[in-house]
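K.L.:
I'll drop the sequence and a predicted model, then ask my questions.
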Amino acid sequence: MAETVALVDYGAGNLHSVENALRKVGANVQVTADPDDLHAADRIVLPGVGSFGACARGLRAEAGVVEAMRERVFAGGAPFLGICVGMQLLATRGLEHGETEGLGWIAGEVRLIEPTDIRVKVPHMGWNDVALTPHAKDHWVVEGGEAYFLHSYHFHAASGKDVLAMTDHGGGLVAAVGRDNVLGVQFHPEKSQSYGLSLLQNFLEWRP
């Protein structure tokens, strides 16, 4: 039987486009907000667009989902992928429209992008390079290349060891984070054409 990828349904705007992209690379996708499904899933993907606070509240409004994700990922060892705000929610806290508690899976905070060059506009929108750091060698899912970004806030990791890739938009911005079986990407694989599909395929084959 094919592995099941649980795609967490908590009202995230990019849910269906992520679902379609996962199915395109052959994933057996289950769109769900049922804790029992998450406990049984082989892999978990957390999408997300919009504000950190709204996404955090939406996720926590789904009874038992955060607890089920945590148990399946940390006790059960299931590979986890967070996309865009789904990646940002891994942080300790977000500072968008006040302070909101994150999942705290990877220490850091999500801050407003403040370019050093005033000619650079926010949000960071469009295609940009994904440049690997030396720490990416243990998380081969993320490759160097070019991906589609759309965000005004960025993940500031407490430890550089958790940063797998960077991009540049008036200064360095974190493009991917990871630790053990937890991975997050700031860009949108579902909008990144062949590069994004390759990343999702890698995620399906990843055995951390």
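P.N.:
Sure thing, it's come through.
K.L.:
Which residue ranges of the protein form strands?
P.N.:
4-8, 28-32, 43-46, 80-83, 93-94, 100-101, 108-112, 124-132, 145-151, 153-157, 163-168, 172-179, 182-185 (DSSP state E).
K.L.:
Out of those strands, which gets nearest to Gln193?
P.N.:
Closest of those to Gln193 is strand 145-151, at 8.0 Å (criterion: Cβ to Cβ). Just so you know, the C-beta spots here come from the backbone N, C-alpha and C atoms, and that holds for glycine as well.
K.L.:
Which residues outside the closest one are in contact with it?
P.N.:
Under the criterion Cβ atoms under 8 Å, 6 or more residues apart in numbering, residues 49, 84-85, 113, 123-130, 167, 169, 175, 185-189, 191-192, 195-196, 198 lie in contact with strand 145-151.
K.L.:
for the closest residue to Asn181 other than its chain neighbours, what are its contacts?
P.N.:
Nearest non-adjacent residue to Asn181, counting by Cβ to Cβ, 6 or more residues apart in numbering: Pro208, 4.0 Å away. Counting by Cβ under 8 Å, 6+ apart, Pro208 makes contact with Gly77, Pro79, His139, Asp180, Asn181.
K.L.:
now do 7 Å
P.N.:
Pro79, Asp180, Asn181 (Cβ atoms under 7 Å, 6 or more residues apart in numbering).
K.L.:
Among the residues you listed, which one has the most neighbours?
P.N.:
Counting neighbours by other Cβ atoms under 10 Å, Pro79 leads the contacts of Pro208 with 23 neighbours.
K.L.:
for the record, mean pLDDT for the longest helix along the chain?
P.N.:
If you go by DSSP state H, the chain has its longest helix at helix 193-205. Helix 193-205 shows an average pLDDT of 97 in the prediction.
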